[in-house]
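*Asks:* Structural data only, the sequence is not supplied:
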């Protein structure tokens with residue numbers, strides 16, 4: 001039992017020693033500090049005490065953190081989901097102004113190549129607050 005615990009402790013120490021800073025788009029490691037401005041302690045996980053805030057990493061001018069340019073999902077409404085007053089099932093039964101079917105890709109809501117999304121009765125799809133989708 002002592003051998004298993006010792007092996008587990010040693011593997012955890014090895015993992016914590018191998019923690020690396022995120023890379024910048026130019027290949028260099030980012031410069032990171034804790035939320036309060038103190039240095040990271042890469043021997044521990046997490047590298048910042050929770051009371052010091054999340055780590056903040058920056059790159060040299062003209063570079064960005066790797067993976068930071070991933071597209072963020074687009075929300076059609078600031079709050080809530082779009083609805084149709086006639087009970088059209090959103091997004092499955094929507095149509096486009098030009099009569100075509102909406103298209104969607106992972107991480108984004110359905111959209112039309114031309115025109116706007118319509119309910120089955122021809123009314124536009126609205127946000128719960130009554131505003132048009134993608135208006136803000």
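*Replies:* That came through, no problem. It should be emphasised that the depicted structure is a prediction, and the values quoted were computed from it without experimental measurement.
*Asks:* give me the number of residues near the nearest residue to residue 97 once chain neighbours are set aside?
*Replies:* Closest residue to residue 97 apart from its sequence neighbours, by Cβ to Cβ, 6 or more residues apart in numbering: residue 115 at 2.8 Å. Quick note: C-beta positions are derived from backbone N, CA and C, even for glycine. The local packing of residue 115 (other Cβ atoms under 10 Å) involves 14 other residues.
*Asks:* What pLDDT is listed against residue 115?
*Replies:* pLDDT, residue 115: 83.
*Asks:* Pretty sure it sits against residue 94.
*Replies:* No. With contacts defined as Cβ atoms under 8 Å, residue 115 does not count as touching residue 94, sitting 11.6 Å away.
*Asks:* and the gap between the residue nearest to residue 97 and residue 53?
*Replies:* Distance of residue 115 to residue 53, given as Cβ to Cβ, to the nearest Å: 46 Å.
*Asks:* quick one: contacts for residue 76?
*Replies:* 82, 109, 125, 127, 133-134 (Cβ atoms under 8 Å, 6 or more residues apart in numbering).
*Asks:* Might one say that residue 109 is in contact with residue 74?
*Replies:* Yes. Using Cβ under 8 Å, residue 109 is in contact with residue 74, at 6.4 Å.
*Asks:* the more surrounded of these two?
*Replies:* residue 109 (20 against 10).
*Asks:* ok, then the element right after the lowest-mean-pLDDT helix or strand in the chain?
*Replies:* Between all helices and strands in the chain, the lowest mean by mean pLDDT, DSSP states H and E belongs to helix 2-17, at a mean of 42. Downstream of helix 2-17, the first helix or strand assigned by DSSP states H and E is strand 31-33.
*Asks:* so what strands line up beside the helix or strand just after that following strand?
*Replies:* For strand 31-33, the following helix or strand on the C-terminal side (DSSP H and E) is strand 56-58. Looking at strand 56-58 with DSSP bridges, its partner strands are strand 31-33 (antiparallel).
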